[in-house]
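Participant: Let me see the structure of the following:
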Amino acid sequence: MNTLRQWNPIREMQDLQSRVLSALQSSASLKNDESRESLTVAEWTPVVDITEDADEYVIKAELPEVKREDVKVTVENGQLTFSGERRIEKEETGRKYHRVERAYGSFLRSFQLPENADPEKVSADFKDGVLNIHLGKQEAVKPRQIEVKVD
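Facilitator: Predicted coordinates:
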């Protein structure tokens, strides 16, 4: 589960370390069976940018080659989630794949809503492989001044 928070380089390094170790383990298993060709499909998590201005938060996710109808955005119990699937191309007769580095399959990202976010003010648009989720902020409660009468 991810939350809207500042970028943390340590967390990024841990994610990178996990991916590298996973790739090395896959590579080691391929070396053990060099006589057999194998295509490995990587785990896929779309990358996001999260920005904020005075009126809203915007989550921008890169979803290349994903169809709009394959993307779902939900808000439930203080969680904003988007999910979907990038389908692998069907192997064509006469075409042999030598390397598949792009990842395919289902994905899911979840973010805890900030306290000042309004779950009723969520909208999303999808254009050129980029999903933009707009999350409006609640209007700040303005202090009310009360006149004190003196008798």
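Participant: quick one: the strands in this protein?
Facilitator: All strands of the chain, identified by DSSP state E, fall at 2-3, 48-52, 56-62, 71-76, 79-86, 105-112, 117-127, 130-137.
Participant: Kindly reformat the ones you listed as TSV containing mean neighbour count.
Facilitator: For every residue, glycine as well, the C-beta is placed using N, CA and C. Below are the strands of the chain laid out as TSV (neighbours: other Cβ atoms under 10 Å):
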stretch	mean neighbour count
strand 2-3	12
strand 48-52	14
strand 56-62	17
strand 71-76	14
strand 79-86	18
strand 105-112	16
strand 117-127	14
strand 130-137	18
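Participant: Nearest to residue 143, out of these?
Facilitator: Comparing the strands of the chain by their distance to residue 143 (Cβ to Cβ), the top pick is strand 130-137, with 17.9 Å.
Participant: looking at the strands of the chain, which has the lowest confidence?
Facilitator: Mean pLDDT is lowest for strand 2-3 out of these, coming in at a mean of 56.
Participant: Quick one: neighbours of residue 143, just the number.
Facilitator: Neighbour count for residue 143, taken as other Cβ atoms under 10 Å: 6.
Participant: same question, the one 4 residues further on
Facilitator: For residue 147, the number of neighbouring residues by other Cβ under 10 Å comes to 4.
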